[in-house]
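*Asks:* what follows is a predicted protein model with its sequence.
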Amino acid sequence: MKLLGKFVSAAAVFTIFAPSLNAAVKLNSLFCDHMVLQRDQANPVWGWADAGEHVTVSLGQSKVETTAGADGKWSVKLPPQTVGGPALEMTVAGSNSITIHDILIGEVWFCSGQSNMDFTVSKSAKRSYAGVRDEQNEVADANHPLIRLYSAEWKMSDDPQPDTEGKWQVCSPETVGDFSAAAYFFGRELQQKLNVPVGLIVCAYGASTCQAWISHDTLAASEEFAPMLDAYAKLKSAFDPVAAKAKYETALAKWEKDDAAAKAKGEKSPKKPGELKGPTQDQHNPCVLFNGMVAPVAGYGIRGAIWYQGESNGIDSGSRYARLQNTMVRNWRSIWNQGDFPFIYVQLPAYKAAATQPEPRAQIARFRQGQTEALSEPNTAMAVIVDIGDAKNIHPKNKQEAGRRIGLVAEEKVYKLPVQSSGPVMESAAVEGSTAVVKFTHGQGLNAKDGKVTGFTLGDDTGKLVWADAKIDGDRVIVSSNEIQSPTSVSYGWADNPPVSLYNDQQLPAWPFWANLKPASTERK
């Protein structure tokens, strides 16, 4: 696969930005008690020591030795291991010795994105928007010691960082509340089906853009996306930290007076002003989350990645976003140096008021189409959740079904289990007389929710677009309208919050689409 430009390798990141060293051998924070290592492949282990220090890493019957470089960086690769644990221990020895306890060998996935990936099982002061449906019972039932999660602390940086703050946690009712809900329910689905340990590395940040998760060198090598770096450079140049601090202190002093006055009157306190941190601490800017959260963990042994993001890039045209996301995928695959690992992402669910009229210019609908186009990148797959959104909440609480569907995709596409992971997908659309005939793949047992097919539109070359009648015919849907005699387009689910009615026999929803029509005779050639 041709890569975009010259990438910064994971090893280069750790070497250039290694932390302050002393004689003690140190490990990246990923390597700690309760961790999960990826089965059936070599697993990198890395850290820091004195230059030239001899370091030995032992796990079970495996023992690997190396010497720290002039910069103090060292790394080894443990030979492949089969499923094992939980009694495994790893010892790292140099001038000192570190022992890591309770290690499992299983399936490891990197989980990233914005707030819907950061959304935790339980609501907290840190994540006030979180808390899943049926939270109390989910927490009480979360006794899954073979599921482990490492959640990286939020961090943005203008330079690649060597390490994160975080620790592996064993899934239990006491810990699961702080687990990414989408990642947890994905991991639960996998663990139950595969019957092996599952490790989840979560690096997610609310309201973040896709470009924030891509390296500087990758964006700089792209003619289309390099201007993002130029705009970012201008923001940094224009930011005056002294003036920002003075502005904040003035606002804070005013708030303190207003707050005291409000309390004296028994009124609600005004919102406290936030400190102005500058462009490098803005999750919308390019590279900052790559530097702070991806670079430190890149290279850890994984099976693949799952990604739930898009709302903050919603103003981008779908095709542009598809190119941006795939740029990120190629970037990650390069720095991980583990081949074209599987990348599974979530198509955005329904949001905003339910559509009462056709919405040809619907922003989220166009974005979803771009997400479908992103499947052009090899070894990628998409979980469709258009039917489980929330009109009034951009953070839908049904993360159980979202995680399950991501898991189904992994089970079918990655682990080759005999499951169906996709709802009906438009294969072809053609005109037959005054009707549009839409043929579907993954459409075994096409059925209509509540007995009626809704959500289809027809359009003609005058610009007219109407809701249409539709009926199921085997693996096809016949779409018609008395108002459209010569249809030139057909769509399904094309709205920010569309009517959703079409499913297959696995009760997975049909993918939204827009298709320009060709005569049936042309389609058959």
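*Replies:* Noted; the coordinates are in hand.

*Asks:* just give me the longest helix of this structure.
*Replies:* helix 241-264 (DSSP state H).

*Asks:* give me the residues contacting stretch 63-80.
*Replies:* By Cβ atoms under 8 Å, 6 or more residues apart in numbering, the residues outside stretch 63-80 that reach it are 11, 14-15, 18, 21, 37, 39-59, 62, 94. The C-beta positions use only the backbone N, C-alpha and C, and glycine is treated the same way.

*Asks:* mind redoing it with 6 Å?
*Replies:* 14-15, 18, 21, 40-46, 48-49, 51, 53-57, 59, 62 (Cβ atoms under 6 Å, 6 or more residues apart in numbering).

*Asks:* check which residues of it are buried.
*Replies:* Neighbour counts over stretch 63-80 (16 or more other Cβ atoms under 10 Å) mark 64, 66, 68-69, 72-78 as buried.

*Asks:* tell me, what residue is most central in the chain?
*Replies:* Trp307 (1.8 Å; Cα atoms, centre = their mean).

*Asks:* bridging residues for that residue?
*Replies:* Ser112, Tyr345 (DSSP bridges).

*Asks:* and Val425, by the same measure?
*Replies:* If you apply DSSP bridges, the partners that Val425 bridges to are Thr441.

*Asks:* how about stretch 471-487: buried residues?
*Replies:* 472, 475-481, 484, 487.

*Asks:* in space, what's closest to Glu359 - neighbours in sequence excluded?
*Replies:* Ala495 (4.3 Å; Cβ to Cβ, 6 or more residues apart in numbering).

*Asks:* and if you look at Val409?
*Replies:* That would be Ser421: by Cβ to Cβ, 6+ apart, it lies 4.4 Å from Val409.

*Asks:* count of neighbours near the one you found?
*Replies:* 22 (other Cβ atoms under 10 Å).

*Asks:* picking that back up, tell me the pLDDT of the residue nearest to the centre of the chain.
*Replies:* Listed pLDDT for Trp307 reads 98.

*Asks:* now Gln444
*Replies:* 82.

*Asks:* wait, a strand at it?
*Replies:* No: with DSSP: H, G, I helix; E, B strand; the rest coil as the criterion, Gln444 is coil rather than part of a strand.

*Asks:* relative to Leu465, how far out is it?
*Replies:* Distance, Gln444 to Leu465, using Cβ to Cβ, to the nearest Å: 30 Å.

*Asks:* higher neighbour count, those two?
*Replies:* Taking neighbours as other Cβ under 10 Å, Gln444 and Leu465 compare with Leu465 leading, 19 against 13.

*Asks:* against Gln338, how distant is that one?
*Replies:* 46 Å.

*Asks:* do the same with Ser421
*Replies:* 23 Å.

*Asks:* what sits opposite Asn516 in the beta ladder?
*Replies:* Beta-bridge partners of Asn516, as defined by DSSP bridges: Ser489.

*Asks:* so how many other residues sit close to it?
*Replies:* Residues near Asn516, counting by other Cβ under 10 Å: 10.

*Asks:* and for Ser180?
*Replies:* Residues near Ser180, counting by other Cβ under 10 Å: 30.

*Asks:* what pLDDT does the model give it?
*Replies:* For Ser180, pLDDT reads 98.

*Asks:* next: Ala11.
*Replies:* At Ala11, pLDDT is 41.

*Asks:* also Val8?
*Replies:* Value for Val8, per-residue pLDDT: 40.

*Asks:* and Pro519, by the same measure?
*Replies:* For Pro519, pLDDT reads 67.

*Asks:* please enumerate the helices of this protein.
*Replies:* Remark: helices assigned in the chain by DSSP H are 10-16, 115-118, 135-140, 181-194, 216-220, 226-238, 241-264, 288-289, 318-336, 363-373, 399-413, 520-524.

*Asks:* and the fourth one with helix 399-413, angle?
*Replies:* Read it as helix 181-194. On the basis of axes from the mean of the first three to the mean of the last three Cα atoms, to 10 degrees, helix 181-194 is oriented at 50 degrees to helix 399-413.

*Asks:* only the buried residues of helix 181-194, if you could.
*Replies:* Neighbour-count burial for helix 181-194 [16+ other Cβ under 10 Å]: 181-191, 194.

*Asks:* ok, and the closest non-adjacent residue to Lys247?
*Replies:* Nearest to Lys247 is Leu276, by Cβ to Cβ, 6+ apart, at 6.4 Å.

*Asks:* pretty sure the one you found is touching Tyr248, no?
*Replies:* Yes: Leu276 is in contact with Tyr248 according to Cβ atoms under 6 Å; the separation is 5.4 Å.

*Asks:* how far away is the nearest residue to Gln309 once chain neighbours are set aside from Gly274?
*Replies:* For Gln309, ignoring the flanking residues on the chain, the nearest one in space by Cβ to Cβ, 6+ apart is Gly113 at 3.7 Å. Gly113 sits 23 Å away from Gly274 when distances are taken as Cβ to Cβ.

*Asks:* quick one: contacts of stretch 136-148?
*Replies:* Against stretch 136-148 from outside (Cβ under 6 Å, 6+ apart): 34, 36, 132, 168, 170-171, 173, 176-177, 187, 191, 197-199.

*Asks:* actually stretch 465-477, sorry about that
*Replies:* Contacts of stretch 465-477 (Cβ under 6 Å, 6+ apart): 358, 360, 437-440, 443, 446, 453, 456-459, 478-481, 483.

*Asks:* okay, and which of these map to strands?
*Replies:* 437-440, 456-459, 478-480 (DSSP state E).

*Asks:* would you turn those residues into TSV with pLDDT and distance to Ala220?
*Replies:* As requested, those are exported to TSV (pLDDT from 0 to 100; distance: Cβ to Cβ, whole Å):
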residue	pLDDT	distance to Ala220
Val437	97	47
Val438	97	43
Lys439	97	44
Phe440	97	42
Phe456	98	44
Thr457	98	42
Leu458	98	45
Gly459	97	41
Ile478	98	51
Val479	98	46
Ser480	98	52
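
*Asks:* what's opposite Ile105 in the beta bridge?
*Replies:* Bridge pairing for Ile105 - DSSP bridges - gives Leu37, Gly84.

*Asks:* can you give me the buried ones in stretch 36-53?
*Replies:* So, applying 16+ other Cβ under 10 Å, buried residues of stretch 36-53: 36-39, 41, 43-50, 53.

*Asks:* helix or strand with the lowest mean pLDDT in the protein?
*Replies:* helix 10-16 (a mean of 41; mean pLDDT, DSSP states H and E).

*Asks:* and Gln309, how far from Glu359?
*Replies:* 23 Å.

*Asks:* hmm, who's touching stretch 490-504?
*Replies:* Contacts for stretch 490-504 (Cβ under 6 Å, 6+ apart): 350-352, 354-355, 359, 362, 364-365, 386-387, 391, 423-424, 429, 436, 443-445, 447-449, 453-458, 479, 509-510, 512-515.

*Asks:* phi, psi for the residue lying closest to His216 once chain neighbours are set aside please.
*Replies:* Leaving out its chain neighbours, the residue that sits closest to His216 by Cβ to Cβ, 6+ apart is Cys287, at 4.8 Å. When read as degrees, to the nearest 10, the backbone of Cys287 gives phi 80, psi -20.

*Asks:* go ahead and confirm Cys287 touches Trp213.
*Replies:* No: applying Cβ under 6 Å, one finds Cys287 not in contact with Trp213, separated by 8.5 Å.

*Asks:* shared neighbours of those two, which are they?
*Replies:* Contacts common to Cys287 and Trp213, judged by Cβ under 6 Å, 6+ apart, are absent.
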